[in-house]
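Undergrad: with the sequence up front, the predicted model follows.
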Amino acid sequence: PSPMADLKESIALLDEFTHAFQSEDDVARVRAIRSIQSQVRAHCEEQQLRLKGLIEDLTGRVQRVEKAALEPEDRNTLAQKVKDMRSEQDTLRTQIEEVQKENSERQRRVENLRSEYEQLREHHGKIMETRTVNIPQLSQILSLYATVTNIKWV
């Protein structure tokens with residue numbers, strides 16, 4: 001390879017490195033991931049509070065039914081109340097299952113975001129490592145080329 005080809009290649013590499021380090025795409029993606037992660041975490045906490053409320057509500061209703069069961073009532077009224085409570089219990093179970101599915105999906109999404117974040121960190125580390133190795137090499141090649149060809153850089 002000729003010295004001019006090496007110089008052109010070195011200049012092209014230097015331009016690519018300059019462009020890569022001036023780009024803030026990785027930083028923006030990391031910020032976006034962190035923002036989504038905090039939103040998911042807040043939503044999960046909100047869902048847990050909602051589930052807690054549902055459980056407390058169900059517990060209160062069961063206690064009221066137990067109390068009412070101790071009071072004498074006719075069989076038809078009690079049978080209807082038991083039927084209503086079972087229906088309500090099934091509805092609440094369904095709601096709890098839906099919330100648990102949503103939480104599982106959000107947990108999976110958080111794990112995916114964490115994985116993507118780690119990949120971005122590794123990529124950034126590789127870029128920084130390449131920068132610390134290649135830029136001094138390019139500078140040395142340019143200096144050597146200037147010395148060999150007796151070119152004066154202005």
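TA: Yep, it's here. All values reported here derive from a predicted model rather than from experimental measurement. Numbering: from 1, shown residues only.
Undergrad: can you name the residues in contact with stretch 98-116?
TA: For stretch 98-116, the external contacting residues (C-beta atoms under 8 Å, 6 or more residues apart in numbering) are 29, 33, 36, 37, 40, 41, 43, 44, 47, 48, 50, 51. C-beta coordinates here come from the backbone N, C-alpha and C atoms, glycine included.
Undergrad: just the buried ones from those residues, in PyMOL syntax?
TA: Remark: buried members of those, expressed as a PyMOL selection using 16 or more other C-beta atoms under 10 Å:
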select buried, resi 33+40+44+47
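Undergrad: ok, the contacts of stretch 98-116 vs residue 144, which is closest?
TA: Taking C-beta to C-beta as the measure, residue 144 lies nearest residue 29 of the contacts of stretch 98-116, at 38.2 Å.
Undergrad: so what's that closest one up against?
TA: Residues near residue 29 by C-beta under 8 Å, 6+ apart: 116, 120.
Undergrad: let's go with 7 Å and repeat that
TA: By C-beta atoms under 7 Å, 6 or more residues apart in numbering, the residues touching residue 29 are residue 120.
Undergrad: before we move on, which element is it in?
TA: For residue 29, the host element (DSSP states H and E) is helix 25-70.
Undergrad: quick one: average confidence on that helix?
TA: Computed over helix 25-70, the mean pLDDT rounds to 84.
Undergrad: okay, the residue minimising distance to the centre of the chain: pLDDT?
TA: Per C-alpha atoms, centre = their mean, the C-alpha nearest to the average position across the chain is that of residue 113, at 2.8 Å. Looking at residue 113, its pLDDT is 92.
Undergrad: what about it, which helix or strand?
TA: In this structure, residue 113 is located in helix 75-149 according to DSSP H and E.
Undergrad: now that helix against helix 25-70, angle please.
TA: Counting by axes from the mean of the first three to the mean of the last three C-alpha atoms, to 10 degrees, helix 75-149 points 170 degrees away from the direction of helix 25-70.
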